[in-house]
Every structure is written in structure tokens, then in C-alpha cells.
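Asks: coords below, sequence missing:
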């Protein structure tokens, strides 16, 4: 079956440009997470959706970051006025249910490079 | 606060050697979950195991085994008879459950790069 997919896989943006990163979770998965992974580091939590509701956005580093999941399936992470420090891999993960301890299935990530 | 420490940044072994990846965690939650994920060069994190805080039984799955010790807050991962295909970055992660915790949010360690040479 299809896993989590993300697009684009690679994105190069000039500083100041806006970017949009897409995540297609596994069909029927209730929970969706976005993580940011800097080079040589572990993933860091950005935000969490339960269906279409964004229940936690405490990890978003600034108000330039915005995420949505309007119909409870596909999600988009948008970064406005990109800065060099935004360069990282952005990982999306989904899990079947909402709760503790569920396995998260990760997509391949989008590698964002801001020049 | 939740924290995971993987002190080993890089480990190199020769094929068929056994290797243990260390993971130490900190949490004040009474119930929590621990995970190991593998990240091959393709970048996608692959789930390996989940353990809840009430289950301290060690687990073996083929060449993989996990040793959970609550007394030392450790959840170590051993690969027996390593193979070149085991080369990857391995992450230990923690998920808390106490009031105020985001459902399922994972706190990752920095990862251990394992290289297995033929």
C-alpha cells in the first residue's frame, strides 16, 4: 500500500521567497505531524493535526511558518520570506489514530535549501 | 520536559560484529513510550520498535534486540552479526502521555550513524 508521500523532494529557494511543502499521509490516518531535521540532528517537532484541527503548533519557529490540513488529509507547510536558517529537511508523519504510543509512519522528507 | 540522549555520534564496525547503540532518556511522565527508528540514506525514517514504560521485558527480533532498563532510564539497541545493510542513522525517541502532552509527539535524540564495513 502507499506510504506517506511528500513533494517536492528537493526545493531550492532564494532568501525571501515563499515555499509550500506538501504531505500526503496514509489514507485514513487521523494524526499528522510535521518535523524539522537540521543536518546531523534528530527531527524536531513543528506541529500536529488531528484530522483537520491543528491542536499543537508550539514547535513552529516563527510566524513565518504556517501549516494547514483543511480536509483532514493532505497537509501543506508554508514558509514565508525564507531565511537561510530555514534550510533543513522537513518530515511529515502520520499515524492511524489519535492517542499515545501509536507508530508514526514517515515520508521521505523535503530537503529545503535557502540560498 | 522530555529529553533523549544518544551519546554515540558515530560507530564503525566490521561485518558480523555485534554493536550496541545507547539511548538514555529523561521524563517526569509516569507513562511514556520509547521508540527506535532507522534512517537509511534515502531519508525516510523506518519504525523498528515501540516499548511502553510498564513493559520492561527485553525484546528480540531476528538480529535485533532491545534492553529497556527503567532504573537507569536506558533503552539500548543491539544488532547481532551486523551487515552492510544495517548502515544507517538510528534514532531513539520518547513520547510522553501526561496531562498537557501533545498526543504522540516524539522527542528524538541526535541519532547514531552506524557504518558497517564489509
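Replies: Right, received. Where do you want to start? If you're wondering where the values come from, they're calculated on a predicted model, not measured in any experiment.

Asks: Count the neighbours of residue B:75 for me.
Replies: Residues contacting residue B:75 under the criterion other CB atoms under 10 Å in any protein chain shown number 25. No exception for glycine: its C-beta is placed from N, CA and C like everyone else's.

Asks: which element is it on?
Replies: Using DSSP states H and E, residue B:75 falls within strand B:74-79.

Asks: who touches that strand?
Replies: Contact with strand B:74-79 is made by B:18-25, B:34, B:36, B:48-49, B:51, B:63-69, B:86, B:90, B:92, B:114, as judged by CB atoms under 8 Å, 6 or more residues apart in numbering or on different chains.

Asks: Could you tell me which of these count as buried?
Replies: For those, a burial check counting by 16 or more other CB atoms under 10 Å in any protein chain shown picks out B:19, B:21-25, B:34, B:36, B:48-49, B:51, B:64-66, B:68, B:86, B:90, B:92, B:114.

Asks: So which residue is smack in the middle of chain A?
Replies: Note on chain A: the residue nearest the mean C-alpha position is residue A:34, at 3.3 Å, using CA atoms, centre = their mean.

Asks: what's the nearest residue to it if we skip its chain neighbours?
Replies: Distances taken as CB to CB, 6 or more residues apart in numbering or on different chains place residue A:46 nearest to residue A:34, at 4.2 Å, with adjacent residues excluded.

Asks: State the number of residues packed around residue B:117.
Replies: 11.

Asks: Within its sheet, name the partner strands of the helix or strand just after the strand holding residue B:75 and how each one runs.
Replies: Moving toward the C-terminus from strand B:74-79, the first helix or strand encountered (DSSP H and E) is strand B:88-96. Each strand paired with strand B:88-96, and its direction, by DSSP bridges: strand B:32-39 (antiparallel), strand B:107-108 (antiparallel), strand B:112-117 (antiparallel).

Asks: Could you look up the SS state of whatever residue of chain A ends up closest to chain B?
Replies: Using CB to the nearest CB, the closest approach of chain A to chain B is made by residue A:42 at 3.2 Å. Assigned with DSSP: H, G, I helix; E, B strand; the rest coil, residue A:42 falls in the coil class.

Asks: and it, what does it touch?
Replies: B:4, B:6, B:91, B:93, B:108, B:109, B:110, B:111.

Asks: Make TSV from the strands paired with strand B:88-96 and add mean pLDDT to it.
Replies: Compiled in TSV, these are given as follows (pLDDT from 0 to 100):
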stretch	mean pLDDT
strand B:32-39	95
strand B:107-108	96
strand B:112-117	98
